[in-house]
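1. Predicted model and sequence follow; I will ask about them next.
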Protein chains: 2
Amino acid sequence: MPNDDRRPRRATIHDVVSESGVSRGTVSRVLNDERYVSAEARIAVEAAVAKVGYVRNTAARNLKSQRSRAIGLVVHEPHSVFLEDPNIGAILLGTNTVLSEADYQLVSLVVDSDRDSARVAEYLSGGFVDGVVIISARAADPIARAVAKLGIPAAFVGHPPEISGIPWVGIDNRAAARAITARLIATGRRRVGMIVSALDRDSGRDRLAGFRDALGDAFDPGLVVDYPLYAYRSGSDGMAELLRRSPDIDGVFAASDAIAAGAMDWLRGTNKAVPLDIGVVGFDDSAWALRCQPLLSTVRQPADELGRRAAESVLSQIQGAVPGEGGIMLDTAIVWRDSA
Amino acid sequence: MPNDDRRPRRATIHDVVSESGVSRGTVSRVLNDERYVSAEARIAVEAAVAKVGYVRNTAARNLKSQRSRAIGLVVHEPHSVFLEDPNIGAILLGTNTVLSEADYQLVSLVVDSDRDSARVAEYLSGGFVDGVVIISARAADPIARAVAKLGIPAAFVGHPPEISGIPWVGIDNRAAARAITARLIATGRRRVGMIVSALDRDSGRDRLAGFRDALGDAFDPGLVVDYPLYAYRSGSDGMAELLRRSPDIDGVFAASDAIAAGAMDWLRGTNKAVPLDIGVVGFDDSAWALRCQPLLSTVRQPADELGRRAAESVLSQIQGAVPGEGGIMLDTAIVWRDSA
DNA sequence: TTGTACGCGTTATCAC
DNA sequence: GTGATAACGCGTACAA
C-alpha cells in the first residue's frame, strides 16, 4: 500500500530496536518498566526512544491484551434536549469521576441521527471499549441490541422498556411525580393539568402515571397535553393549549424544568399570576428552575450519582460480577420554592 | 494467559473458518463484500457468521489499515462551566454533523482533572483516532503537547496562546467586545466597568482588550474585577465587588452571559434598576440571556459553526492538506435586547 | 475463484 | 539479563 499522505510514519518499537541495538524483548521490558534489565540497556533504550520520538501504540497493545481500559458513554438525545438538559452533563461528569479513579478512559459518543446510531453500534462492537453506559436508550435501539448481542458489560441510565439482561439505574419517576402533584393539590389547587413529554420512555410514562395516581378520581384526561420533547418550547405551546382547553386551570405539573420555564414565560403574557392564580411545578431541579420568576418548585434528580452508579455497575461487571435482574432506583427530593 | 473472567470469548474469523469450511481469505472477502467469491462460499460463510455470532473486531482491522476513522474531541473545561455553557454542546453537535457526514466516528473526551489530562493525552497518542479537535486548550497543556509531538491532524476551537503549528478557529473576541462596549457607551453610560474572566485564555484576554479599546482614555482599571471562571457565581460576586468599589457605576460588560445573569440577579437585591440605573451586557447569547429579566443584550457566538469548521480542517489535514499558519476568525453579531 | 503466508505493533513465553 | 518466537484478529499480495 502506498503511503498516500505525506505525514511521517510514527516510530515503532522496531525503530527503537535498530537505534538502540538491543532486542525487541528488552525494549518492551524497558517500556513497561519491568525487572531484569541492565542499566546500560535501559539507558540505551531510553536514548533511542527520545531520538526516534517513539510513542507506544496502545491500540496494538490492546489487541494483544484483549482489553482497552476504555468505556463508552452513549448519549442518545435529540438536538434541543442535548443542548438544554443539564442532567446529561452531570451524568457524564459523574461517570467520568468513577472511571477516572479506576484509571479507565471514558469516551462519549453522541447519537444525533440514524446514521450515528448505526456507526456507534459498530464502534461499540469493534473492540474499542470494555463496557458501556447508555443514557436514554430507545426501545428498538440498534445500540442496545448490539450491546446485548455481544454481551459486553453495560448499564443504562434510565429504564428503557423491553430490554432485559442489562441492569439500569434510574429514579422513581412515578413516586416523585406523585409526591410533587400531591403537594400541588395540598396547596388548594382544584383544576390541575399536566404537560407530559417523552412518552416513548419510562421517564415520561412514569411521570404521567404518578400524576394520575395523585389525582385519583379528580384526574381529567382533558387537562393533559403531550409534546414529544423535554424542551422550553413544549412548555409555552403546552401552556397555551391548556389555557385554551380550560381557562379555569389553577395548577400545572410540567414534566421537566425546561417545560415549566416555557409555561411560566407564556403565563407572563396572560392575566394569570404565578403562584397566586396558578401553581406551576417542574422536574429535574436544573438551572432552568433558578431562572424562573418566581423560583420554580421542582424535583431534584441526583444526576451525578446516576452516572456514578452506572459506572460502578459496569466496572464490577468487567471484574466478573453478574448483574442482578432489574435495576436500582435512586431517591429524589422535592425542592419547594415559590412557584406553587 | 488464563481466561479470568467468565464472559464467553467473542467469535473470530477463525471460528467462522472452522464452521464454514472455507479459508480465512475467503471469509475475509465475504465480510468485505469483495468480488471473486462463489455463491456457495458466500452462503456458507454467512450461515457460519450467524451461527457463531461473529462480529468484526474493528480495532484489529485498524491496526492493519493504520487508520481508525475516528476523531477525538477534547473538552477541557472546569466542572461548573462544563455544566452551564451551552456553547460546548453546540460545538460538539456541529463537529459531529460534519464528521458523521464523512462517516467518521466522533469520540468525546472530557478533561476534569490532571489525571484525566494525562490519560487523554495517552489515549490520543495511542492510535485510536486519526485526528483531534480541542476545545479551550490551556497554554501548557500536556494534551496539546502530545498532539503537536505526534503531528496528528488537529484543530483548536479558540486560540490557545504559545502553541504553533496547529490551526485554530475562533471568534474575534476583541472586536466583539469593542463593539458591544461601544454601544454601551453610546447609550449614555459614563462609569462603565467589566467583570473579566478566564484571563489564561485568549477569549478572556481579548474581551478585556476590546473593552479597553472601546473606552480609550475613559478606561479605569479600578472598575475591572477578575474571576477565573465563566460562571454565574462570578457574576454575583463580581457585581458586589464593583458596587463596593464604585457605587456610581452605571454600566457593566460581563465576560459571559452566565456572569451577566449572576450580576443582574445581584442587582435585583439593590436599589439599582436595569437598564434604568445601570446597563448590563454579556457575551455568548446562551440560554442564560433569555432567562434574564430584562432580556440580556449580548454577543452571539456561532458555536455550531465553530465546531463544523474545526472538523473540516481536521478532515482536510487527514487528506493531506497542510494547514496554513494562524487561524480562522468567524463573525459575531450583537443581539440588542433590553438590559442596556 | 480459493487458499497460504505474511505483516500491522505489542506483549508473553520461552530457551539461552 | 537477554534475544528469538509465537500469538492477538485482521487484510491482502501472491500463488495455485
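-> Looks like it came in fine.

2. Test my guess that A:Arg190 contacts A:Ile249.
-> No. Counting by Cβ atoms under 8 Å, A:Ile249 is not a contact partner of A:Arg190; they are 9.4 Å apart. Just so you know, the C-beta spots here come from the backbone N, C-alpha and C atoms, and that holds for glycine as well.

3. Looking at the two now, which is surrounded by more residues?
-> Using other Cβ atoms under 10 Å in any protein chain shown as the criterion, A:Arg190 and A:Ile249 rank with A:Ile249 on top: 20 against 10.

4. List the residues that contact A:Pro153.
-> A:130-132, A:314, A:317-318 (Cβ atoms under 8 Å, 6 or more residues apart in numbering or on different chains).

5. Take those and lay them out in a markdown table including neighbour count, distance to B:Val49 and pLDDT.
-> Shown next, in a markdown table, are the contacts of A:Pro153 (neighbours: other Cβ atoms under 10 Å in any protein chain shown; distance: Cβ to Cβ, whole Å; pLDDT from 0 to 100):
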| residue | neighbour count | distance to B:Val49 | pLDDT |
| --- | --- | --- | --- |
| A:Asp130 | 21 | 24 | 97 |
| A:Gly131 | 24 | 24 | 97 |
| A:Val132 | 28 | 23 | 97 |
| A:Val314 | 28 | 28 | 97 |
| A:Gln317 | 22 | 26 | 96 |
| A:Ile318 | 19 | 27 | 95 |
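
6. Counting only helices, which of the residues you listed make the cut?
-> Those of the contacts of A:Pro153 mapping onto helices are A:314, A:317-318, per DSSP state H.

7. From those residues, pick the one nearest A:Ala155.
-> A:Val314 (5.2 Å; Cβ to Cβ).

8. Distance of the nearest residue to A:Gln293 once chain neighbours are set aside relative to DNA strand D?
-> Sequence neighbours aside, B:Gln293 is the residue nearest to A:Gln293 in space, at 6.1 Å (criterion: Cβ to Cβ, 6 or more residues apart in numbering or on different chains). B:Gln293 sits 58 Å away from DNA strand D, taking Cβ to the nearest atom of the strand, to the nearest Å as the criterion.

9. list the contacts for A:Arg67?
-> By Cβ under 8 Å, 6+ apart, A:Arg67 lies in contact with A:Asp130.

10. is it true that it lies in a strand?
-> No. Looking at A:Arg67 with DSSP: H, G, I helix; E, B strand; the rest coil, it is coil, so not inside a strand.

11. Give me the domain ranges for chain A.
-> Here the domain parsing of chain A from automatic domain parsing is A:13-56, A:70-171+A:304-329, A:173-300.

12. Please verify my assumption that A:Ala48 contacts A:Thr26.
-> No. Contact criterion Cβ under 8 Å: A:Ala48 and A:Thr26 do not qualify, at 11.0 Å.

13. spatially speaking, which residue is in the middle of chain A?
-> Centroid-nearest residue in chain A: A:Ile135, 3.7 Å away (criterion: Cα atoms, centre = their mean).

14. List phi and psi for that one.
-> Main-chain torsions, A:Ile135, degrees, to the nearest 10: phi -100, psi 130.

15. Which residue does the stretch 201-340 of chain A have closest to DNA strand C?
-> A:Ile318 (17.4 Å; Cβ to the nearest atom of the strand).

16. Disregarding residues adjacent in the polypeptide, which is nearest to that residue?
-> Spatial nearest neighbour of A:Ile318, chain neighbours left out: A:Pro153 (5.1 Å); criterion: Cβ to Cβ, 6+ apart.

17. Could you do A:Ala177 as well?
-> With Cβ to Cβ, 6+ apart as the criterion, A:Ala177 has its nearest non-adjacent residue at 2.8 Å, and that residue is A:Gly210.

18. Might you report the residue contacts of the one you found?
-> If you count contacts by Cβ under 8 Å, 6+ apart, A:Gly210 has them with A:173-179, A:181.

19. and if we set it to 10 Å?
-> By Cβ atoms under 10 Å, 6 or more residues apart in numbering or on different chains, A:Gly210 lies in contact with A:172-182, A:194, A:253.

20. Kindly indicate which of these lies nearest A:Pro323.
-> Using Cβ to Cβ, A:Asp172 is the member of those that lies nearest A:Pro323, at 19.4 Å.

21. Spatially, what comes nearest to that closest one if we skip its sequence neighbours?
-> Distances taken as Cβ to Cβ, 6+ apart put A:Met329 closest to A:Asp172, at 4.6 Å, once the chain neighbours are dropped.

22. CA atoms only: put the helix or strand harbouring A:Val225 into CSV for me.
-> Assigned by DSSP states H and E, A:Val225 belongs to strand A:224-227. Provided in CSV are the C-alpha atoms of strand A:224-227 (Å, rounded to 0.1, in the frame of the first residue of the first chain):
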residue,chain,number,x,y,z
VAL,A,224,-53.2,16.5,29.9
VAL,A,225,-51.3,17.7,26.8
ASP,A,226,-48.5,15.8,25.2
TYR,A,227,-45.3,17.1,23.5
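
23. which residues are in contact with it?
-> With contact meaning Cβ under 10 Å, 6+ apart, strand A:224-227 is reached by A:193-199, A:204, A:208, A:211-212, A:233-235, A:237-242, A:244-245, A:252-253, A:255, A:259, A:262.

24. Past the host helix or strand of A:Leu73, which element shows up next along the chain?
-> Using DSSP H and E, A:Leu73 sits in strand A:70-75. Going down the chain from strand A:70-75, the next helix or strand is helix A:79-84, by DSSP H and E.

25. OK, contacts around the residue lying closest to A:Asp112 once chain neighbours are set aside?
-> In this structure, A:Asp112 finds its nearest non-sequential neighbour in B:Asn96, 5.8 Å apart by Cβ to Cβ, 6+ apart. Applying Cβ under 10 Å, 6+ apart, one finds that B:Asn96 lies in contact with A:109-113, A:116, B:71, B:73, B:104-106, B:108, B:307-308, B:311.

26. Considering only the residues you listed, which also neighbour DNA strand C?
-> Here nothing survives when the contacts of B:Asn96 are matched to DNA strand C using Cβ under 7 Å from any atom of the strand.

27. Now, those that are in strands?
-> Residues of the contacts of B:Asn96 located in strands (DSSP state E): A:109-110, B:71, B:73, B:105-106, B:108.

28. Would you agree the residue of the stretch 201-340 of chain A closest to DNA strand C is in contact with A:Ala70?
-> No. A:Ile318 lies out of contact with A:Ala70 (Cβ atoms under 10 Å); the separation is 11.2 Å.

29. Need the overlap of contacts for these two.
-> With Cβ under 10 Å, 6+ apart, A:Ile318 and A:Ala70 have common neighbours A:104, A:130-131.

30. Just put those in a markdown table and tack on distance to A:Ile278.
-> Shown next, in a markdown table, are those (distance: Cβ to Cβ, whole Å):
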| residue | distance to A:Ile278 |
| --- | --- |
| A:Tyr104 | 48 |
| A:Asp130 | 51 |
| A:Gly131 | 46 |
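
31. which residues of chain A fall in strands?
-> Ranges of strands in chain A, per DSSP E, are A:70-75, A:105-110, A:131-135, A:154-157, A:168-171, A:192-197, A:224-227, A:251-254, A:279-281, A:298-300, A:327-330, A:333-335.

32. Quick check: end-to-end length of stretch A:141-156?
-> End-to-end distance of stretch A:141-156 (Cα to Cα, to the nearest Å): 12 Å.

33. Stretch A:154-169 now?
-> Distance between the two ends of stretch A:154-169: 11 Å, counting by Cα to Cα.

34. And that stretch, what's buried?
-> By neighbour count on 16 or more other Cβ atoms under 10 Å in any protein chain shown, the buried set for stretch A:154-169 is A:154-160, A:163, A:166-169.

35. got TSV for these, with pLDDT and distance to DNA strand C too?
-> As requested, the buried residues of stretch A:154-169 are exported to TSV (pLDDT from 0 to 100; distance: Cβ to the nearest atom of the strand, whole Å):
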residue	pLDDT	distance to DNA strand C
A:Ala154	95	26
A:Ala155	95	28
A:Phe156	93	33
A:Val157	93	33
A:Gly158	86	38
A:His159	78	39
A:Pro160	72	36
A:Ile163	70	35
A:Ile166	89	30
A:Pro167	93	30
A:Trp168	92	34
A:Val169	95	33
